[in-house]
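Sequence and predicted structure are below.
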Amino acid sequence: MKFRSLRRGSADARSVGVRHLRMESLESRQLLSVSPTLIADINQTPFSPASDPRTLTEINGQLYFTARDRDHGIELWKSDGTSEGTTLVKDINSGAGSSSVTAITNIGGTLYFMANDGVHGSELWKSDGTSDGTVLVKDIRPGVEGAIEFNTPKFMANANGVLFFVANDGITGAELWKSDGSVEGTVQVVDIVPGIYDAALYRYVTVGALLYFTAFDGDEGRALWKSDGTAAGTTKINPGVAFKSGGPDELIAIGETVYFRASATFSSDFELWKSDGTDAETVLVKDVYPSGNGNVSQLTNVDGTLFFRANDGVSGVELWMSDGTAAGTTRVSNIRSGANASTPNYLINVGGTLFFSANDGVSGVELWTSDGTAAGTSLVRNIANAGTSSTPRSLTNVNGALFFQAATGELWKSDGSSAGTIRVRERDVIPNITSTLRELKAVGSKLYFTANDGAAGFELWRSDGTTSGTDLVRDIYFGTADSSPGLFLGLNGWLYFSADDGVHGPELWKTDGTVAGTTLVRDIRPGIEGSNLYGFFEMNGMLYFSANDGSHGDELWRTDGTEAGTTLAFDLNPGPGNSFGGNISLIDGLLLFRANDGVHGYELWKTDGTLAGSSLVREFYPGTTSGNPSSPILFNGEIFFTAKTPASGIEIWRTDGTSAGTTMLIDILPGTGNGVSYFPHFAEMNGQLFFAANDGSSGVELWRTDGTAGGTSRVFDITPGSPSGSPEHLYNLNGTLLFTTESWSNSSLLWFSDGTTQGTFQPNIDVDAELEGQLQIGDYFYFSGRNGDFGEELWRTDGTVGGTSIVKDINPGQARGYPFGMTNVDGMLYFTAGDPVFGFEMWRSDGTATGTSRVTDIAAGGADSWPWGYRGGATFNDKLIFRATDGVLGSELWAMDLSPILDGDFDNDGDVDGADFLAWQRDFASSVVPNGGGADDDANGIVDGADLYVWKENFGAPESLTPAGAVSQAAAPVAEEEDSSEAALAAASSTDALGDAAGPGQWAREALFAAGDFSRLFRLSGDGEFENSLRRRGRAPLARRG
């Protein structure tokens, strides 16, 4: 069968004679779609970016924590200790964004925490462990800023089932709030510092239903406060002295008494204090070091006895204890005799026994224990060799057993005896763990923690205290390493690029868009270091580039695409020194470039690709100092560029490739000052070369030249006088010069110019324009821009005010789509952008909002695939080639078929057949993302009657097009009553549903086809009899898809 090539959505209305009905059952086919495909997983080295679990919290035997995976940002997860039971609770900030969950707190079995859903800012949330049960408690501060400010302490306290926290409603500053989990019950307790100022609430502890905390009220610095949850019951405790340089810190409750450390002097003399909540009984317990800083810290409750470390000025920092009286506050033991400190650390109560690390001066920093007596304070075990330290840390109580990490992050446990202090798992069982374990947390008799085994990255682990029972719970974020293809250049039907396969390092590769055609060209520098490729360009049918083979430094290489034909062009700087400096341009078959031969510094050279044909064109700066020729551009048959000389500074030069023909255009800023920068943003327009320059009187402004000194002049003084307007990113758009300048508010202002003073102006367009790296397609220049209504999104301009507008708000509102990587492929704009649902993916645009859509979702869900480096079109066999990651594999080489799609061929198998009708039937009346996918032939985002007509036109003799509205009206009752095949067909047969829009002989077929959820596909030819039959019977049997 011969098919006509049609543009999507085009259809010729034709009439045909009435045919007799013939029904033929056709096969069922699975719906397919055009999607990018991986060309090759070049680097297959296992690699995990690490989910990095944090904030481990136990609630009702479940572990809750934050982590990230390939589809989501940092979100709330839970685990029952199995891989299958380790799951995402909810994607609060939908897509790749992170909700930044913090301060996870258990209150009566409900999880409370702070999170940002991307809409409300950081606010109070709660969860019952299910997605549906994870909800915003209250939007305290409406808008994206949120009530929980970045610099606000993540203060969450449980006082007898009442949640206390700190929030800022935007009116009263960061103050004390409470919540019972309801909107109505989430209220501010008190405004300690009236107005918009913060009370700076910080440390806290609960005693029954009372909350003790520290706050700053602006009178006497930081003070101790208490609250019963009412404004009247929230009061400052005034001990009669002000805490000068060190407010109450390390609050800990023992019974009804709150102990803390504080300084009542200006010398940061931290001593031990206590309070029963009254002014009179908020007192100094003991001044441990009367003439200095007692440096009391690490307050720890061991069955009603307070242990801490302190310095009495005689023994250094040692272990102390207190019963709350001055007489009962004593040093337990001088572990390291003399004035040298043992510095007890990581104090913890395990089953009524105090464990800590300390250094006795003999064994190094090791594990110790104490019962509160000098005799009962002893070294548990000298884990490391004598004189070195194992440095026990992260001490954790797991159901009466002590777990900790020592040495280089190994997991240990102890029962308090030397023999019972053992390594849980050997280093060779968990290879390559060199970083510390993190987030140790007890859940029942198991220890959970975050560790890196050298393969999975930091992931969730658990241990029951045995070697076999210590293992990875789940590798939440997994994949393979990046090959990072880049430096793409198409030549002779091949795409050349650099890539790292994990074995050879970054080296030269090529592809024709197929797996078999993707190969390493040559391993220029053997080993994993790679050859430092850059500067790809074509000359005389060969690919030239800079590479370093480990012997010759960065030099010029060339290839014909074969291993044998990939060779060093010449060694300009003999030996390991680097010569090639880039800044390439071609003139008359010669390559002009910047190079350093080891004698002259970086100067202007030329070559025909051979050493004999290579020579220094001109030395701008004598000796080893460099003239640094930069920014070459072909203009009027010559190369214009910038270079520096000792007499004239950086100015514009021109060359015809000969020494005599290399001359300075004009000394714009006479003397040694710089008239231009190395990057003056050259742009050619209407026989003139435009650039940014500074003549010393008007600052950096817009200039032009016709290639002569006399024809070089300033176009426009953007900022009159000596301040600089600093025009940047100059582009010629069909005779209109586009450029930007930076405003006082750091916005990039868009300007237009026809090359004259009068024709240079800043248009009245509300857009902060980013022109760098953007491009022109047809009459329009596409760029990223933002204003008060939109974040950074896709814009275009034709060089007029009326022709400058946003193309599409990809990430709605003030959120940003961040379009970048724009490439023209056969007149279609391809680029990368991000939205809140699918993350950063490939997009394309024809310049209209409806014609701008996401092409596919390579990294499923909200993960980012970061497509980049688009190259495509006829050069690469109608393929678009780029690099991307699907979230499992690293950044690899991908391709998408750009060959024309046959209209009506919805499954893209090359035939318009019954399978395509089945695809249309299943998708009828559904939305399609992106537009044009699946059976959406006319790319309007909806599968409708117009799409069916295109199929019919190409499948057999074309019929008159049924209006799309009529089909939609007919489909509505079908969708509502689809569960009954009888009711569905009755609805499909209803002439009332179709009205007058449908023509004779077509209504029944269209309505029947719209009965979407049925399994058999029928080929119909001629409707008359079928229509009459339906009118008579009102129903007919249809088989349900099963």
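Perfect, I can see it now. What you are looking at is a predicted structure, and each value in this text was computed from that prediction instead of being measured. Numbering: from 1, shown residues only.

Tell me, how many residues neighbour N940?
If you count neighbours by other C-beta atoms under 10 Å, N940 ends up with 17. Heads up, the C-betas are built off the backbone N, CA and C, glycines and all.

give me the low-pLDDT residue ranges for the stretch 101-250 of the chain?
For the stretch 101-250 of the chain, the stretches flagged by pLDDT under 70 are 150-154, 219-220, 244-246.

Tell me where it has strands.
Taking DSSP state E, counting those that start in this stretch as the test, the strands found in the stretch 101-250 of the chain are 102-107, 110-116, 122-127, 135-138, 156-159, 162-168, 174-179, 187-190, 204-207, 210-216, 222-227, 235-237, 246-254.

Tell me the span between the first and last residue of stretch 257-270.
End-to-end distance of stretch 257-270 (C-alpha to C-alpha, to the nearest Å): 19 Å.

got the phi/psi numbers for the residue nearest to G803 when sequence neighbours are not counted?
The shortest distance from G803 to any non-neighbouring residue, by C-beta to C-beta, 6 or more residues apart in numbering, is to T797 (6.0 Å). The phi/psi pair for T797 (degrees, to the nearest 10) reads phi -150, psi 150.

May I ask which helix or strand encompasses A939?
Of the helices and strands defined by DSSP states H and E, none includes A939.

Is it in contact with T848, as I believe?
No. Between A939 and T848 no contact is recorded; they are 10.7 Å apart, counting by C-beta atoms under 8 Å.

rewinding a little: would you convert the strands of the stretch 101-250 of the chain into JSON lines that also reports distance to L689?
As requested, these are exported to JSON lines (distance: least, C-beta to C-beta, whole Å):
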{"stretch": "strand 102-107", "distance to L689": "55"}
{"stretch": "strand 110-116", "distance to L689": "50"}
{"stretch": "strand 122-127", "distance to L689": "52"}
{"stretch": "strand 135-138", "distance to L689": "58"}
{"stretch": "strand 156-159", "distance to L689": "63"}
{"stretch": "strand 162-168", "distance to L689": "55"}
{"stretch": "strand 174-179", "distance to L689": "57"}
{"stretch": "strand 187-190", "distance to L689": "65"}
{"stretch": "strand 204-207", "distance to L689": "67"}
{"stretch": "strand 210-216", "distance to L689": "62"}
{"stretch": "strand 222-227", "distance to L689": "65"}
{"stretch": "strand 235-237", "distance to L689": "72"}
{"stretch": "strand 246-254", "distance to L689": "66"}
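
Out of those strands, flag the one nearest T467.
For the strands of the stretch 101-250 of the chain, the distance to T467 is smallest for strand 102-107, at 30.5 Å, taking C-beta to C-beta.

CA atoms of that closest one as CSV?
Below are the C-alpha coordinates for strand 102-107, written out as CSV (Å, rounded to 0.1, in the frame of the first residue of the first chain):
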residue,chain,number,x,y,z
THR,A,102,14.4,18.2,59.4
ALA,A,103,13.8,17.9,63.1
ILE,A,104,11.9,14.6,62.9
THR,A,105,10.1,14.1,66.3
ASN,A,106,7.9,11.3,67.7
ILE,A,107,4.8,12.6,69.5
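
Alright, I will stop here.
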